[in-house]
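**Q** Below are the sequence and a predicted model for it; my questions follow.
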Amino acid sequence: MSFDYDLFVIGGGSGGVRAARVAAAEGAKVALAEEYRMGGTCVIRGCVPKKLMVFASGYREMPGEARAYGWDVPDGVFDWVPFRDKLHSELDRLEQVYRGLLKGSEVEVFDTRATLKDPHTVALADGGTKTAKHILIATGGHPVRPDLPNAELGITSNDIFNFETLPKSILIIGGGYIACEFACILNGLGVEVTQFYRGAQVLRGFDDEARGLVAESMREKGIGLHLGTNIVEMRAAADAENATTLTGTDPAMGAPAQEAEALTPKARKGGPIWVKATNGMTGVYDQVLFATGRDPSTEGLGLEAAGVETGRRGEILVDAYSQTSVPSIYAIGDVTNRVQLTPVAIREGMAFVETVFKGNPTKPDHDLIPSAIFTQPELGTIGMSEEEAREQEPVDIYCTSFRAMREAFAGKTDRVLMKLVVSKATDKVLGCHIVAEHAGEMIQLAGIAVKMGATKADFDRVCAVHPTISEELVTMKSPVRSA
């Protein structure tokens, strides 16, 4: 049977684009369909614009710190509109880079939605069908709203980069990395931020000591973080002059609260939003951001018709080689709900090409993946948390927390955490956790050592670079506790 293409990729994010280009470089005839913008979540509505906002928000404390070092620098005012416009120009540029890479690789691009019709056929939304010997699904994921009346009044992380004007106040629902990152970003840009999380501590799944320091730092910077708290009711609020009785006393709840009876009964789109929490408090916010999780983008893809099996959250089920239940169809990236990180999707795409087009069956490596959370301060991590490790085997914990020289001189209270989780039996470093400015940069390098199987003795043999924050990773001589 002859096909139109050797490979048809559905999804123009980092993973899909990389797989398409590398397959084409092997001589395959490749096509790719993307219904929105080339670049996917990371480039268009995730990692890249978020990191640029992290940079912008970090300048809020710069004038005060500069004055502590002798510079006559006045406080400034952040102007959202010119930053937003430049941000979108940068995203436009990056999208064109992606398109240029695909064109240079001779990958045919369809700017439309593609769905499965059968194991070798895709249907294009703008008409027609295409056949391919292999189909790769790389459609990513999307943020979800909770099942709550009037939830449509809130926004998701997709909307953050498109504000016409910055809100004066915002309530963020969630305690994962997206919620915490945007809480820090918006706080740094001058927005009054309140955050609800139903759990006992934010950043579930990360090292307890590290996430505790992040939460403490968020509060010190003025974020109204409420743990064990969730939203139970929301609706469009009346105008501020109609607010009546205050029902809460916690200033971190945001703008003045009001009784439900004082609300306009009909939701007013675009106006302030009244919220009631599980602890009984109420508040009014300019925006409510739901950062309550992401689901794989598989709805309406035609998976069932093609025979592709999915899991409970709609994720595409794949084997160790990213192959679905249909031999000709593969899937990579967030749509498989394995590890939701852009570099992981890219590596899965590369492994797919090795397996299918180079005759070299390759499993993507999901072990010991370094990652960073761009809160303020950042959290960098690789390997097991203390809690995970001590459930597996006896461990020694090497940890230090201190005020870094730069911040201490400027009179700031920010603290740094450096932590190594070490096996008692083998001396192998099982986990490394850093809370500090530029922790993301540091964990990338520390991750090389941990991935190579370095022992604590290996760390100890490395001479310290002084004076630096990271020298603590090689100067901690005695464990602070064993478990």
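**A** Everything's here; your move.
**Q** quick check, residue 450 in a helix?
**A** Yes. With the criterion set as DSSP: H, G, I helix; E, B strand; the rest coil, the secondary structure at residue 450 is a helix.
**Q** For residue 353, see how far away it is.
**A** Between residue 450 and residue 353 the distance is 27 Å, computed by CB to CB, to the nearest Å. Backbone N, C-alpha and C define where each C-beta goes, glycine included.
**Q** And for residue 279?
**A** From residue 279 to residue 353 the distance is 52 Å (CB to CB).
**Q** ok, these two, which is more surrounded?
**A** For residue 279 against residue 353, the residue with the higher neighbour count under other CB atoms under 10 Å is residue 353, and the figures read 23 against 14.
**Q** That one contacts residue 30, correct?
**A** No. Under the criterion of CB atoms under 8 Å, residue 353 lies out of contact with residue 30, with a separation of 10.2 Å.
**Q** intersection of neighbour lists for those two?
**A** Here residue 353 and residue 30 have residue 23 as joint contacts, going by CB atoms under 8 Å, 6 or more residues apart in numbering.
**Q** how is this protein carved up into domains?
**A** Per automatic domain parsing, the domain ranges recorded for the chain read 5-142+294-357, 151-290, 371-482.
**Q** Please render those domains as CSV that adds mean pLDDT and distance to residue 365 to the earlier fields.
**A** As requested, the domains of the chain are arranged in CSV below (pLDDT from 0 to 100; distance: least, CB to CB, whole Å):
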stretch, mean pLDDT, distance to residue 365
domain 5-142+294-357, 97, 7
domain 151-290, 83, 20
domain 371-482, 98, 9
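**Q** can you put those domains in a markdown table and add distance to residue 364?
**A** Formatted as a markdown table, the entries for those read as follows, by distance: least, CB to CB, whole Å:
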| stretch | distance to residue 364 |
| --- | --- |
| domain 5-142+294-357 | 4 |
| domain 151-290 | 21 |
| domain 371-482 | 15 |
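**Q** Any idea how many residues pack against residue 191?
**A** Each residue near residue 191 was counted by other CB under 10 Å, and the total is 21.
**Q** What residues does it make contact with?
**A** For residue 191, the set of contacting residues under the criterion of CB under 8 Å, 6+ apart consists of 166, 167, 168, 169, 170.
**Q** rerun at 6 Å
**A** By CB atoms under 6 Å, 6 or more residues apart in numbering, the contact set of residue 191 is 166, 167, 170.
**Q** most neighbours, which of the residues you listed?
**A** Ranked by neighbours (other CB under 10 Å), those are led by residue 170, which has 24 neighbours.
**Q** Report the contact partners of the residue positioned nearest the centre of the chain.
**A** By CA atoms, centre = their mean, the chain has its centre lying nearest to residue 178, at 5.0 Å. For residue 178, the contacting residues are 157, 291, taking CB under 6 Å, 6+ apart as the criterion.
**Q** Confirm it sits in a strand?
**A** No. Following the definition three-state DSSP, residue 178 is helix and is not counted among the residues of a strand.
**Q** Quick one: the helices in the chain, in order.
**A** Using DSSP state H, the helices of the chain run over residues 14-25, 40-45, 47-58, 62-68, 80-104, 177-188, 208-220, 303-306, 342-357, 386-392, 405-409, 439-451, 456-461.
**Q** Indicate which one of the ones you listed is closest to residue 318.
**A** With CB to CB as the measure, helix 342-357 is the member of the helices of the chain nearest residue 318 (9.1 Å).
**Q** That closest one vs helix 47-58, what angle?
**A** Orientation of helix 342-357 against helix 47-58 (axes from the mean of the first three to the mean of the last three CA atoms, to 10 degrees) gives an angle of 160 degrees.
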